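**Student:** Kindly generate the corresponding structure for this input.
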Amino acid sequence: MPTLRRRNDGCFFVRHLYRDHNTWQILGDGVRYLEHRGIKEGDWFPTDMFMVLWMRRLVYHGNAPPNPPVAMLPDTVEEAAVRVRVEEFHQLLYSAQVDSAWAVVWQGGPGTPTFEQFRKEIGGDRGRRLASWKIKDLAVYLVPVDRRSVFGGAKRIADVRVQIRLADSAPGQCDSREVTEYWFELNNQWRVLWIDF
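**Tutor:** From the prediction side, this is the model:
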């Protein structure tokens, strides 16, 4: 598995055998990409994540970084499907279409609330509502066949970082924060594991 390491001079590198190389230099943007996903020095991370770094030219071998690094690649088909579903879900929450939003929630997920609890959590009785959202980052991971039963049969999992702003019923009262949502591909449909904002 790829592992983030640090040299004596303080610079980071990745230890991973790929294309006849097992030591990869990593640019600062690559380190930040990993940090946003909770990866720190000494941690291993999925090969899929290494491939994202490699495709974006954020890891390289030799003395000179690739020119120029790719800051943003278009979404893969899987990422695009998740992005559409996440946007749809937040639009439903924003427009208070509770029944439709509930249909996007993974009903069999661990700790999934009842519909009534969900309705209360997204604003109903608390006097708050989703005022805005922006997808900051997302990553899709393939679930190994032998682990799918742990995740309700999901073929893929996505973690999505979303910047949200919740408006309170009191004028001018807002709560802005970044949340991580977990999405599961179940029966060819992306469903969110609902954990309250």
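
**Student:** Find the nearest non-adjacent residue to residue 141, please.
**Tutor:** Counting by Cβ to Cβ, 6 or more residues apart in numbering, residue 157 is the residue found nearest to residue 141 once chain neighbours are left out, at 5.2 Å. To be clear about C-beta, it is placed using only N, CA and C from the backbone, and glycine gets the same treatment.

**Student:** what about that neighbour, how many neighbours?
**Tutor:** 19 (other Cβ atoms under 10 Å).

**Student:** Could I get the phi/psi values of it?
**Tutor:** Dihedral angles of residue 157 (phi, psi; degrees, to the nearest 10) stand at phi -130, psi 140.

**Student:** centre of the chain versus stretch 38-52, how much separation?
**Tutor:** 14 Å (Cα atoms, centre = their mean, to the nearest Å).

**Student:** give the contact list for the residue nearest to residue 141.
**Tutor:** Listed by Cβ atoms under 8 Å, 6 or more residues apart in numbering, the contact set of residue 157 reads 140, 141, 143, 151, 182, 183, 184, 185.

**Student:** wait, which of the residues you listed is closest to residue 2?
**Tutor:** Comparing those against residue 2 with Cβ to Cβ places residue 141 closest, at 13.6 Å.

**Student:** After the top helix by length along the chain, which helix or strand is next?
**Tutor:** In the chain, taking DSSP state H as the definition, the longest helix is helix 77-94. Sequence-wise, the next helix or strand downstream of helix 77-94 (DSSP states H and E) is helix 98-102.
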